[in-house]
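Chemist: turn this into a model:
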Amino acid sequence: MIPEIYTNDNYIIRVAGFNKKFLFLRLNRLKMKTWNCVIVDDEDVDRLMVVSFAKRFGKLNLVGVCRSADEALEILNQTAVDILFLDIDMPGSNGVTLRKKAMDIPVCIFISGHAEYAVESFELETLDFIVKPLRLERFEKAMQRIEQFLEIKEKAELFELSFGDNTVFIKEGNEKTRINLSDILYLEALKDYTFLVTARKKHCVWSNIGSLLKQETFQSFTRVHRSFAVQKRFIKKINAQEVMLNNDMAIPVGRAFKDGIKSLL
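Modeler: Below you'll find the model as predicted:
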């Protein structure tokens, strides 16, 4: 008879023989951090595509696959959800309306064939907006942002930020790091957090990029994209699509910021 081993998470593992290595690996996998997600899309092919991509990532625990916003809302009212993958243009309530009713969910990824909704969606604390047709490479990039954001969110209380004279002090856990303002190449937004990027390291602070740029300390930075602000002194050249820094780092230029960067030339 194959024995059953019960874990603290009420999983049952049937182990053939006494292969301790197999048991260790299986238990370790079950303890891996996972995030509950719901997929909402009225188009069968698009919905199945998102499902197939999501199943490639062990950290995603699929708790709902829905054809409508109303169907999804029933699940959201009963289950704790970490991530929403939402279409926008659907019969009945659309994805934007659903997001407004579910603002407590940390991560929202819109996947839509209507790029014109992108600006409105980011006013709803959207982490990413993917334009259909969905490709695996693009989904993988979204997953990188999700993992980065949720891991930072779990450690949010560890990050503190203070300002000195041309200096930024960042406390990460028990360590306090001093960064000269002149060493920061650019700022990169990740929803409620911002990375201060130097040539050596990305430092995370618990503040959105808009709030930072209102600080007098960051007046030498200019916004070139919804997610990026660069320090003017490091700009090497500018074109319609990107800003090239002195270290050859290319920063994308957002359409809404193209007129503003002309003054930097």
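Chemist: drop to CA atoms for contacts and neighbour counts, all remaining ones
Modeler: Fine.
Chemist: which residues touch the closest residue to Asn61 other than its chain neighbours?
Modeler: Excluding the flanking residues, the one nearest Asn61 by Cα to Cα, 6 or more residues apart in numbering is Asn36, at 4.7 Å. Contact analysis of Asn36 by Cα atoms under 8 Å, 6 or more residues apart in numbering lists Leu60, Asn61, Leu62, Val63, Ala80, Val81, Asp82, Ile83.
Chemist: give me the pLDDT value at the fifth one.
Modeler: Reported pLDDT at Ala80 in the predicted model: 92.
Chemist: how close does the residue nearest to Asn61 sit to Lys202?
Modeler: With distances defined as Cα to Cα, to the nearest Å, the gap from Asn36 to Lys202 amounts to 28 Å.
Chemist: before we move on, what about Arg233?
Modeler: Here the criterion is Cα to Cα. By it, Arg233 lies 19 Å from Lys202.
Chemist: how much distance is there from the helix ranked longest in the chain to the middle of the chain?
Modeler: Ranked by residue count and defined by DSSP state H, the top helix of the chain is helix 136-154. Averaging C-alpha positions (Cα atoms, centre = their mean, to the nearest Å) puts helix 136-154 5 Å from its chain's average.
Chemist: also stretch 74-91?
Modeler: For stretch 74-91, the distance to the chain centre is 17 Å (Cα atoms, centre = their mean).
Chemist: what sits up against that stretch?
Modeler: If you take Cα under 8 Å, 6+ apart as the criterion, stretch 74-91 is touched by 35-42, 64, 68-69, 94-96, 102, 105-112, 114.
Chemist: before we move on, what about stretch 202-213?
Modeler: If you take Cα under 8 Å, 6+ apart as the criterion, stretch 202-213 is touched by 156, 159-161, 170, 187-197, 218-219, 221, 227.
Chemist: for the contacts of Asn36, which one is nearest Leu124?
Modeler: Using Cα to Cα, the shortest approach to Leu124 within the contacts of Asn36 belongs to Ile83, at 13.9 Å.
Chemist: let me see the backbone angles for that closest one.
Modeler: Note on Ile83: its backbone torsions stand at phi -140, psi 130 [degrees, to the nearest 10].
Chemist: what score does it have for pLDDT?
Modeler: Per-residue confidence for Ile83 comes out at a pLDDT of 97.
Chemist: ok, what's across the strand from it?
Modeler: Taking DSSP bridges, one finds Cys37, Val107 as the beta-bridge partners of Ile83.
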